[in-house]
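Trainee: what's the 3D shape of this:
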Amino acid sequence: MTKEEQDFTIDERYQELLQTILDFGIEKKDRTGTGTKSIFGYTIRHDMTQGFPLLTTKKMAYKSMITELKWFLRGDTNIKYLVDNGCNIWNGDAYKQYHQAFPKTEMLSEEQFINLIKTDNKFAATWGELGPIYGKQWREWESDRGDAYKDQIKDLLKDIYDNPDSRRLMVSAWNPAELHKMVLPPCHYGFQIYTTELTLKERQEEFCHKLGKSIHYTKNLEHADLDKNDVPKRKISLAWNQRSVDVFLGLPFNIASYALLLQLIGKEVNMIPDQLIGNLGDTHLYLNHLEQAKEQISREPALLPEMQVRDVDILNGEFEYSLFGYFPHDKIKAPLNN
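Mentor: So this is what the prediction gives:
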């Protein structure tokens, strides 16, 4: 796919959002004490046929994004799995809990704290736990009445198989009964799946793509012929909802993570990934990220990479992947505001 064939890439949509916040954002206070420029209510979209939406206008630590998604899907809420696999996204939240529990005279440094998470299982079990955040809600939802656990991911896959046109194909991480137990209430708090039937021509094109042939090779094939070759019958889209959006550091990860989740679900149910939509609430740039945002706006987007997934076992949080053609600009450093 050439640059000209890409209609309006995710990089360009993202740059437009950055500029919108710089131009029209309202300065607001926030829980970190840093301050933000904020807008409310924004939708960002990506057509998955354009490529995998990993931003190219700065280098992304995509391996950390993949590790975090596996962690969510496993139903894990302890940072030890992340730390052991080189992902430091949640280190600050765990350390903050520890920091609040001990007088400064007895407190470990963050480096010492993380080293103990790695080497001391008993310490990790106590201080690496973040409460019933994303993974717990996705895989073991529990009501305030103590109802039996509900595995939302398992139920979602079953419901897609049984009733792909349902308007109830949803997963929520916002459990009011357990918010007070979480180190941080979920920022991206739910997602919905939407599927539609593929036309005969679309199925023929998909089969051609799979075989590496021209459309003439399959133009005489009917649905029954394509069924015999296990060609997908439907395409699948995902929309996620997010109450709080750290646009410079967090949103690029959210976009890529939900795109990958869409691919994984599509692989499990034999459907072709189609549209990715983010419905964003308080959409903000921290005041110490403004210059970095301007730098990213000035950069020319490159072609999007391709992500392939295989050996997918969503319910155990396992899959293999290959990323092709990722040639981003250099990383842009920015402080993390906890």
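Trainee: looking at this protein, which helix or strand is least sure?
Mentor: helix 200-211 (a mean of 87; mean pLDDT, DSSP states H and E).
Trainee: buried stuff in that one?
Mentor: With burial defined by 16 or more other Cβ atoms under 10 Å, the residues of helix 200-211 counted as buried are Glu202, Arg203, Gln204, Glu206, Phe207, Cys208. (Glycine included, C-beta is placed from N, CA and C.)
Trainee: quick one, helices of the stretch 101-250 of the chain?
Mentor: Applying DSSP state H, counting those that start in this stretch to the stretch 101-250 of the chain gives helices spanning 110-119, 121-127, 134-139, 152-162, 200-211, 223-228, 250-269.
Trainee: how about the spatially most central residue of the chain, what does it touch?
Mentor: Centroid check for the chain by Cα atoms, centre = their mean gives Ser257 as the closest residue, at 2.2 Å. Residues in contact with Ser257 (Cβ atoms under 8 Å, 6 or more residues apart in numbering) are Met65, Glu68, Leu69.
Trainee: can I get those residues in TSV with pLDDT and distance to Glu318?
Mentor: Listed next are the contacts of Ser257 as TSV, based on pLDDT from 0 to 100; distance: Cβ to Cβ, whole Å:
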residue	pLDDT	distance to Glu318
Met65	97	16
Glu68	98	14
Leu69	98	11
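Trainee: and the closest residue to Leu157 other than its chain neighbours, what's its pLDDT?
Mentor: Nearest residue to Leu157, sequence neighbours excluded (Cβ to Cβ, 6 or more residues apart in numbering): Glu268, at 5.8 Å. Note on Glu268: pLDDT of 97.
Trainee: cool, and the one 10 residues further on?
Mentor: Here, the pLDDT recorded for Gly278 equals 98.
Trainee: how about the one 10 residues further on?
Mentor: According to the model's per-residue confidence, Asn288 sits at a pLDDT of 97.
Trainee: same question, Pro305
Mentor: At Pro305, pLDDT is 98.
Trainee: thought it was touching Ser322?
Mentor: No - with contact defined as Cβ atoms under 8 Å, Pro305 does not reach Ser322; the gap is 10.1 Å.
Trainee: and those two? Which one has more around it.
Mentor: Neighbour comparison, Pro305 and Ser322: the larger count goes to Pro305, with 17 against 9 (by other Cβ atoms under 10 Å).
Trainee: nearest residue to the more buried one in space, please, no chain neighbours.
Mentor: The shortest distance from Pro305 to any non-neighbouring residue, by Cβ to Cβ, 6+ apart, is to Tyr326 (3.8 Å).
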